[in-house]
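[1] here you go, sequence then predicted model.
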Amino acid sequence: MVTEMLSLLSKRISLFLCGNHVIEKEEIEIYQYGFEIILSSLIGFILSIAVGCCLEMFFYALLYYGIFVILRLFTGGFHANTYLSCNLVFLLVSLSTLGISKIMMYTNIYSIVAHIIIIFISAAVVIKFAPIENENKPLNFEKRIRNQKISRFLIIILSIFACIMFFFMRNIAITIALTLLSVSMLMVVSLIKPKEMKKSEQDQ
């Protein structure tokens, strides 16, 4: 339902632009796909902000969304088959990340040792496996190397920053660390999924 609505709306926008001679007829499908991505991303942003408002964590929701989207752009990771399932997964990840962040902010459970372990695991996954390609949008050799370098640079900078911030602004450090963990875990899920599908096919 959501996928059909996004596709229909994107198509109407593209046809409107074509009818007003903004784009060529041959470019309609390209623009339609682009608008679908933009609208889906907008929904994701609204979802994360809504979660942040519900948890009274508006600033942290913005921080989470910014890091998550930018890092995922270069690392890749799990991709759902439809826009609906994609947004549902993102909603679940947002709730989990921000919800756990809030719990950790107001308890003594979260220590510097736990902080370093989370950051180390996240960084190790990104450095080892990024970028993970989307089978619908394969990367050429140059883009793969570029994404690998950028993802490693980002994870190292964010990890160092999160460690430093733990001693000055602990809540920000917690949000960054758990966001990095969310990105890395979605990468792990993406790596496991093809193996499970292949095993399922063999069993059949």
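    Happy to help now that I have it.
[2] residue ranges of the helices in the chain, please?
    Listed in chain order, the helices found in the chain under DSSP state H are 2-19, 28-54, 58-75, 83-105, 112-129, 141-165, 170-203.
[3] export those helices to TSV and tack on mean pLDDT?
    Below are the helices of the chain laid out as TSV (pLDDT from 0 to 100):
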stretch	mean pLDDT
helix 2-19	70
helix 28-54	80
helix 58-75	93
helix 83-105	88
helix 112-129	95
helix 141-165	93
helix 170-203	79
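[4] could I get these as TSV with mean neighbour count?
    C-beta coordinates here come from the backbone N, C-alpha and C atoms, glycine included. Converted to TSV, these look like this (neighbours: other C-beta atoms under 10 Å):
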stretch	mean neighbour count
helix 2-19	15
helix 28-54	16
helix 58-75	19
helix 83-105	18
helix 112-129	17
helix 141-165	16
helix 170-203	17
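[5] any idea of the pLDDT on residue 110?
    Per-residue pLDDT puts residue 110 at 89.
[6] I'd say it and residue 101 touch.
    No. With contacts counted by C-beta atoms under 8 Å, residue 110 stays clear of residue 101, the gap being 9.2 Å.
[7] hey, what's in contact with both of those two?
    Listed as contacting both residue 110 and residue 101 by C-beta atoms under 8 Å, 6 or more residues apart in numbering are residue 174.
[8] next up, the contacts around residue 126.
    With C-beta under 8 Å, 6+ apart, residue 126 has these contacts: 71, 75, 151, 152, 155, 180, 183, 184, 187.
[9] in space, what's closest to the first one - neighbours in sequence excluded?
    The one in question is residue 71. Excluding its sequence neighbours, the residue lying closest to residue 71 (C-beta to C-beta, 6 or more residues apart in numbering) is residue 183, at 5.1 Å.
[10] what sits against that neighbour?
    Residue 183 makes contacts with 68, 71, 72, 75, 77, 122, 126, as judged by C-beta under 8 Å, 6+ apart.
[11] which of those residues lies closest to residue 163?
    residue 122 (12.0 Å; C-beta to C-beta).
[12] how far away is the closest one from residue 85?
    24 Å (C-beta to C-beta, to the nearest Å).
[13] likewise residue 167?
    Taking C-beta to C-beta, one finds residue 167 at 40 Å from residue 85.
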